[in-house]
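J.: take a look and give me a structure for this.
(2 chains)
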There are 2 protein chains.
Amino acid sequence: VSEAEFLSWLYAQKKSRADVLVDVGDDLAALRWDGGDLLLVGIDQVLDGVHFDSALHPAVQIGRKAMNRNLSDCAAMACLPVAAVVSAALPRGSGIEYARELHRGLREAGEMFDCRIVGGDTSAWDGKLAMSVAIIGRSAGIDPITRAGAKVGDSIYVTGPLGGSILARHMSFTPRVELARTLASRYPISSMIDISDGLTRDLYRICQASKVSAVIESAAIPIHLDAIRLSSQDGRPAIDHALGDGEDYELIFTTGSKVEESGCVRIGEILQTDDGGASVKLSGSTEPLRPGGWDAGV
Amino acid sequence: VSEAEFLSWLYAQKKSRADVLVDVGDDLAALRWDGGDLLLVGIDQVLDGVHFDSALHPAVQIGRKAMNRNLSDCAAMACLPVAAVVSAALPRGSGIEYARELHRGLREAGEMFDCRIVGGDTSAWDGKLAMSVAIIGRSAGIDPITRAGAKVGDSIYVTGPLGGSILARHMSFTPRVELARTLASRYPISSMIDISDGLTRDLYRICQASKVSAVIESAAIPIHLDAIRLSSQDGRPAIDHALGDGEDYELIFTTGSKVEESGCVRIGEILQTDDGGASVKLSGSTEPLRPGGWDAGV
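T.: Next up is the predicted model:
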């Protein structure tokens, strides 16, 4: 199957949209942009053996995850997804049906949030499956929420139960785009991040960027059933999974207000930094938590 | 070496810029955008063994090529590059110095055209080096030039000599961003594309998108010295290399005007389609050229 055949199938999937002046199939796509909107942009990749296992996960799920990781970044900034471009490095001989299923996963995940695929680059190679999605979002009336705004005295919240996502959820989560917009429009959210690399590690990132520390109540952390299941398999405490596993794609946010939104749980408080700089500690402990989760050696 | 160590080095490379409100290091970057400008966006990847050979090419060259391929897409649309985001899948154990050299290549290539790297995603994996760059450009007073506007009677031009780029040039070309802007501001350019996959194949893409055919004069095609060198090595005619090799990253464009810009050569004319649809023929031949160059089987 040739790339040309895949591309002509791909171009036939186009749906016209008023703000897309030049669509998939040219050198670049061209979009009309409202100058009142800030433009948000980022990129995230999924790699075979790291973010998915091509021997286990169907192509449509892999495509969905690739898009959803980027939509989760939009949630973390409280922006609205607009458009995405995708690169795919396909193992030689994957076949056109496989490429179509990847694309279906990408497209369906994007369509949930009105996010259109407007360009891409597909190559076959003698390597493993790798996909990158770059996403464009717009502020649409809400200032982007960075990691850098957490203030001493702010409460720390998470948007749902954590841990054990590796059992299945990491392939099928729903990005918290809508919840993030609701939160940002109703409360003064001072910082936000999505949990890709683990509660401890991602909260530490907020602390670093905001030049603060954090103390969390281990009894307050919502533990996912998957963390308990995984705990019964590997004997590690479920709380460790909740703190360190990552790939939850829930949000951590800080605010000076009391937040009463479904799913949101207060887990701790922002403190001044120690002499040693930013840290994340469990309440009652003097030792900072070592960030578990993702830290791939380069 | 940990990803964290690479990232803290990376964040230290930031230079503030007025239109970048949130820079590298958050979930997404945020840019101020002038609503008078169209937003152009695309993505292009480079893969070990396809677009470069990691055993031969130094990291800085690989980074440069990854960025330059995208800048060349900006040239093909006659837009100005603004910002880029980069994903890199690094073979485990590559080392921080290698990652830095990749980044230096990306950054230096971008800086040539005031294009800033505003985000990225780096992972180590048990696979070969793969990099994707997504680029954002702005129309800045020039309507994007697509592949779809070529008219019967238009002249076909290329911006420089072709063929044999595999000898070295494919790693070190200069994207024709400035020339494209000059052309678009001085002449009514009806269609344009950059030559990544070969003169025949990329001209055919203009024909398909514009629903026209093309006839080119083989004697008029500017042949690069590299094509002649390669011809003396492999015995294939230099003109075949000029027609088919690809990775020239010169521009093909069509216009009803006579173009007198340095480097630009008229190579043929746009005709009506045959019954069989779009085609590219050599003058004097009745057989359409079979597109050589790149068509990686998926």
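J.: for the stretch 51-200 of chain A, what spans make up the helices?
T.: Listed in chain order, the helices of the stretch 51-200 of chain A (DSSP state H, counting those that start in this stretch) span A:59-77, A:96-111, A:177-186, A:199-210.
J.: winner for burial among those helices?
T.: Most buried of those by mean neighbour count (mean count of other CB atoms under 10 Å in any protein chain shown) is helix A:59-77; its value is a mean of 27. The way it works is simple: take the backbone N, C-alpha and C, and place the C-beta from them, glycine included.
J.: of the helices of the stretch 51-200 of chain A, which approaches chain B most closely?
T.: Evaluated with CB to the nearest CB, the helices of the stretch 51-200 of chain A place helix A:59-77 nearest to chain B, the distance being 3.9 Å.
J.: next one: that closest one to chain centre, how far?
T.: Computed by CA atoms, centre = their mean, to the nearest Å, the chain-centroid distance of helix A:59-77 equals 6 Å.
J.: residue contacts, residue A:212?
T.: Applying CB atoms under 8 Å, 6 or more residues apart in numbering or on different chains to residue A:212 gives the contacts A:150, A:151, A:152, A:206, A:270, A:271, A:272, A:273, A:278.
J.: possible to save the residues you listed as CSV with pLDDT and distance to chain B?
T.: Formatted as CSV, the contacts of residue A:212 follow (pLDDT from 0 to 100; distance: CB to the nearest CB, whole Å):
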residue, pLDDT, distance to chain B
A:150, 98, 13
A:151, 97, 17
A:152, 97, 21
A:206, 97, 10
A:270, 97, 18
A:271, 96, 22
A:272, 95, 22
A:273, 91, 17
A:278, 88, 13
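J.: from the residues you listed, keep the buried residues only.
T.: A:150, A:206, A:270, A:271, A:273, A:278 (16 or more other CB atoms under 10 Å in any protein chain shown).
J.: make TSV from those residues and add distance to residue B:185 to it.
T.: As requested, the buried ones among the contacts of residue A:212 are exported to TSV (distance: CB to CB, whole Å):
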residue	distance to residue B:185
A:150	48
A:206	47
A:270	53
A:271	57
A:273	53
A:278	50
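J.: which ones among those residues map onto strands?
T.: Judged by DSSP state E, the buried ones among the contacts of residue A:212 include A:270, A:271 as members of strands.
J.: which one of the buried ones among the contacts of residue A:212 sits closest to residue B:26?
T.: Nearest to residue B:26 out of those is residue A:206 (CB to CB; 10.3 Å).
J.: so who does that closest one touch?
T.: Neighbour list for residue A:206: A:147, A:150, A:191, A:193, A:212, A:214, A:252, A:254 [criterion: CB under 8 Å, 6+ apart].
J.: and which of these is nearest residue B:9?
T.: For these, the nearest to residue B:9 is residue A:147 (18.4 Å; CB to CB).
J.: for that closest one, which non-adjacent residue is spatially closest?
T.: residue A:209 (3.9 Å; CB to CB, 6 or more residues apart in numbering or on different chains).
J.: which residues does that neighbour contact?
T.: A:146, A:147, A:148, A:150, A:191, B:25, B:26.
J.: surely residue A:254 and residue A:151 touch.
T.: Yes - if you go by CB atoms under 8 Å, residue A:254 and residue A:151 touch, sitting 7.4 Å apart.
J.: joint contacts of the two?
T.: A:190, A:210, A:270.
J.: burial measure for the closest residue to chain B within the stretch 1-150 of chain A, as a count.
T.: Residue nearest to chain B within the stretch 1-150 of chain A (CB to the nearest CB): residue A:35, separated by 2.1 Å. Residue A:35 has 12 neighbouring residues, counting by other CB atoms under 10 Å in any protein chain shown.
J.: quick check: closest non-adjacent residue to it.
T.: Residue A:35's closest residue in space is residue B:35 (CB to CB, 6+ apart), at 2.1 Å.
J.: secondary structure element holding the one you found?
T.: Assigned by DSSP states H and E, residue B:35 falls within no helix or strand.
J.: identify the residues contacting it.
T.: Neighbouring residues of residue B:35 by CB under 8 Å, 6+ apart: A:33, A:34, A:35, A:36.
J.: residue A:85 against residue A:119, yeah?
T.: Yes - in this structure, residue A:85 is within contact of residue A:119 by CB under 8 Å, at 4.1 Å.
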